[in-house]
Structures are given as C-alpha cells and as structure tokens.
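Asker: structure for the following, please:
(one chain, ligands or ions: 2)
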Amino acid sequence: MSDVPGTVRPATKRVRSEQDHSKASTKAAEASRENGSDHEDANEDKHEDDDWLKEPPFSVGKSKDGWETKWRESCWCGKVAFVYNAEKPLQSKICHCEDCQRLHGAPYQHSCIFKKDMVRLDDDASSKWLGFLSAHGEVHPLSSTPTPLPRKVSCRACGSPLFDEGRNMIMAFPPAFEWIRTHKEVEQAKKEDKGHHGSEGDSGKGARKQQGFPDELKAQCHIFYERRCVDIKDGLPKWRGHKEDSELMGEDEK
Ligand SMILES: [Zn+2]
Ligand SMILES: [Zn+2]
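Answerer: Ligands and ions are numbered 1, 2, ... in the order given. All right, here's what the predicted structure looks like:
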C-alpha cells in the first residue's frame, strides 16, 4: 500500500498515535525526492508547455484512444474537472483522522483510490486553476505548479479539494463526483438542468436528485475511527487506525 497517497499533513505540532495515517505517504515523498521532482514555487501561468501536464493524472493533449469516461469530478466553481476511465475505485474508505478533519474542514474524509493512468483533466477544464499543496516536514504553500509528491490537488479559484496524488495512485473525493453513471448522462443532465444552473449554486443538484449516491463509490470501511467527531452507524467495519493494521471497533466504542 506504499503507493497510496496519504493525507498531506500540516506542520503543526499535534499528538500522534503510532498509527500515523501519513506513514505510507512519507515513503512516497522520499521516493519522489530521489526522482528529483522538487519544484520551485513559480507562479507563472504558462502551463501548456509543462511536461507534468502531459502525464497522468493531467495528460493534456495525450491521445485518448480507448478512453471512456465513466465518472466526472468537478470543483464547486466548475473551473477544474477530472474524468475517470474506471468503473469503480480500487478501495473506498472514510477516514476520521485529524489531518483529514483539518485539511477538509469536515468531520471525516471519504476517499476513493484510483490508478493515476485512469484519470485525466477534462478537456473543458482549465489547468491554470490547479492548486498543489505538499506539507511533509516543510510546508510548500499552495502553488499553481506541482509541489513534491505526495500532494493535494485542488481548485485555486474556489478551494475545493479534488484528490491527493501519490506516485501511482490518487485518492479522489467522491463528494466532488457527479453522481451519475456516464459522461453521456452527465451531458444530458446538464442540458435538462440548464434552467437551474447557477441560480441554486449546486452544479450537481439535478443529477443528485435523479440518482442516489452510486454503489460503486460507497465506502467499504472506516479508518482512524477512534478519532471521530461523530458516531457513524452504518454497519461497516470500523478500524481504530489503518485498515487491517489495527483493531476493529464497535460503533459506539471510545
Ligand atoms: Zn473551483
Ligand atoms: Zn485521514
């Protein structure tokens, strides 16, 4: 599991248990440093020539032979969107660790793991609004060009987090997915929903009314449950720390 991007942690001093969510990502960070992928915090907006845009999970201008969009993920303001060519994620988990709570401003974070080469920036999305944040040891402030891996990728215009990027995998956040099955259906729903767009401030609203949260993206377990803000009574396995590397807990257990 060392490929899986962990949560990018802020450099604040906090008490941590042995079970640190960021263990796996530290390895990824070391590996990326060995590969010389440190970047300056240049903030120029000339992205089209940049090599990183030609690689997954960005892949601008790369051949799309055989590509079939199964899912689309977009930020709140709609400037940044990614498409996914995979029926379902490799894993889907809800994490209750305090890094996720703080970085997402939410009681927990739901993430789905996909291989990077199953992900690309959508054609109508603007790469200039991408934001990168790395915070291992030293914090690399939010940048418009890639900071060292692992990193959090977000929209710089509205601040929505889109995924955490590791060497080979990304952890995407399904609340940012358009909850309908195919890109075709997304396009269709957009047309049908045009009258409501913008006025209600929820770009996915029409789609979300049509269909509930997709089974393919549903969480399979909870991790770091002992650090939760809220009890979740959904019958799923609750791990005290990492999945399969800690104890299972009861839903009410402290
Ligand atoms: Zn945005
Ligand atoms: Zn976490």
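Asker: contacts, neighbours, all on C-alpha from now
Answerer: Noted.
Asker: all strands of the protein, in order?
Answerer: 71-74, 81-84, 91-95, 109-115, 119-121, 130-136, 138-143, 151-155, 161-165, 169-172, 221-223 (DSSP state E).
Asker: possible to save those as a markdown table with mean neighbour count, mean pLDDT and distance to ligand 1?
Answerer: What follows is those, written out as a markdown table (neighbours: other C-alpha atoms under 10 Å; pLDDT from 0 to 100; distance: least, C-alpha to the ion, whole Å):
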| stretch | mean neighbour count | mean pLDDT | distance to ligand 1 |
| --- | --- | --- | --- |
| strand 71-74 | 24 | 92 | 8 |
| strand 81-84 | 24 | 94 | 9 |
| strand 91-95 | 22 | 98 | 23 |
| strand 109-115 | 22 | 97 | 19 |
| strand 119-121 | 24 | 95 | 13 |
| strand 130-136 | 24 | 90 | 9 |
| strand 138-143 | 16 | 89 | 14 |
| strand 151-155 | 26 | 96 | 5 |
| strand 161-165 | 26 | 96 | 9 |
| strand 169-172 | 26 | 97 | 15 |
| strand 221-223 | 24 | 98 | 28 |
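Asker: any chance of CSV for these, columns distance to E253?
Answerer: CSV is the format used below for those (distance: least, C-alpha to C-alpha, whole Å):
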stretch, distance to E253
strand 71-74, 35
strand 81-84, 37
strand 91-95, 16
strand 109-115, 20
strand 119-121, 38
strand 130-136, 32
strand 138-143, 35
strand 151-155, 31
strand 161-165, 30
strand 169-172, 28
strand 221-223, 13
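Asker: roughly how far apart are the closest residue to ligand 1 within the stretch 1-150 of the chain and L90?
Answerer: Of all residues in the stretch 1-150 of the chain, the one sitting closest to ligand 1 is C77 (3.9 Å; C-alpha to the ion). Distance from C77 to L90, counting by C-alpha to C-alpha, to the nearest Å: 28 Å.
Asker: neighbour-wise, which of the two wins?
Answerer: Between C77 and L90, C77 has the larger neighbour count (other C-alpha atoms under 10 Å), namely 16 against 13.
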